[in-house]
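J.: based on what follows, work out the 3D shape:
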Amino acid sequence: MPDIRKSISPNMEFDKSELKERLTPTQYQVTQEHQTEKQFSNQYYKHREAGVYRCIVCGIDQFSSQTKYNSGSGWPSFYDVMDKQNIRCRKDASGVGGNLLRIIADPSLIRTEVSCKECGSHLGHVFEDGPKPTGQRYCVNSASLDFKADEVQGGDQDEPLLSCPATLGGCGGVDGVCQRVSKMTINKEQSVV
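T.: The predicted model follows:
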């Protein structure tokens, strides 16, 4: 019988006191305590430089600027990861505080958490309202990421930014509470900004 703990345990473990010294308080709270940073004012929300976004804790490459897009959520959004072997996904009902009646009434309130498979750090959540070709929206906390500029382009060139509004809600408000997006008319045509 396979050892279930081994399959969900991160490959690397870091000393919590070392992380508290190395990371900012927000970075520690997001990556180690599964908190959500403030939306619309975080470091990489409107960042368009060409390069790679890496896990702030272990440095493993997670997202490419080529898959970054504007979801209007207030957090960096990507429609794909660099390597699915580098992430771990699990169902997460923490946004509703385990309120079973709310979950029964609206099962979409159960989100899918995305964490770094290498070190276990919380990155954000993934939703199924992203642009083609994947239809995914990886809604990621800037505090969980470090950016490495593309050396070939010198990092000076901005990536064109695809715009695809989030429609399934997610981590709304500064307190990270799950919220549904109010009904709106969505133009299904994807646009480049």
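J.: for the chain, which segments count as strands?
T.: Taking DSSP state E as the test, the strands found in the chain are 51-55, 61-64, 68-70, 77-78, 87-92, 111-116, 122-127, 137-140, 145-149, 162-163, 170-172, 177-179, 191-192.
J.: chain center to the fifth one: distance?
T.: Strand 87-92 has its C-alpha centroid displaced from the chain centroid by 11 Å (Cα atoms, centre = their mean, to the nearest Å).
J.: what do you get for the second one?
T.: On the basis of Cα atoms, centre = their mean, the separation between the geometric centre of strand 61-64 and that of its chain is 11 Å.
J.: and it, C-alpha only, in CSV?
T.: Below are the C-alpha coordinates for strand 61-64, written out as CSV (Å, rounded to 0.1, in the frame of the first residue of the first chain):
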residue,chain,number,x,y,z
ASP,A,61,10.2,28.0,-11.8
GLN,A,62,6.3,28.1,-11.7
PHE,A,63,4.9,30.6,-14.2
SER,A,64,6.0,32.3,-17.5
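J.: per-residue pLDDT, the spatially closest residue to Ser77 that is not a sequence neighbour?
T.: The shortest distance from Ser77 to any non-neighbouring residue, by Cβ to Cβ, 6 or more residues apart in numbering, is to Ser71 (3.8 Å). Heads up, the C-betas are built off the backbone N, CA and C, glycines and all. On the pLDDT scale, Ser71 is placed at 93.
J.: before we move on, what about Pro25?
T.: Confidence score, pLDDT, at Pro25: 97.
J.: which secondary element of the protein has the worst mean pLDDT?
T.: Every helix and strand of the chain was ranked by mean pLDDT, DSSP states H and E. The lowest is strand 177-179, at a mean of 42.
J.: quick revisit: okay, now the residue nearest to Ser77: neighbour count?
T.: 26 (other Cβ atoms under 10 Å).
J.: that one contacts Ala166, doesn't it?
T.: Yes: counting by Cβ atoms under 8 Å, Ser71 does reach Ala166; the two are 4.3 Å apart.
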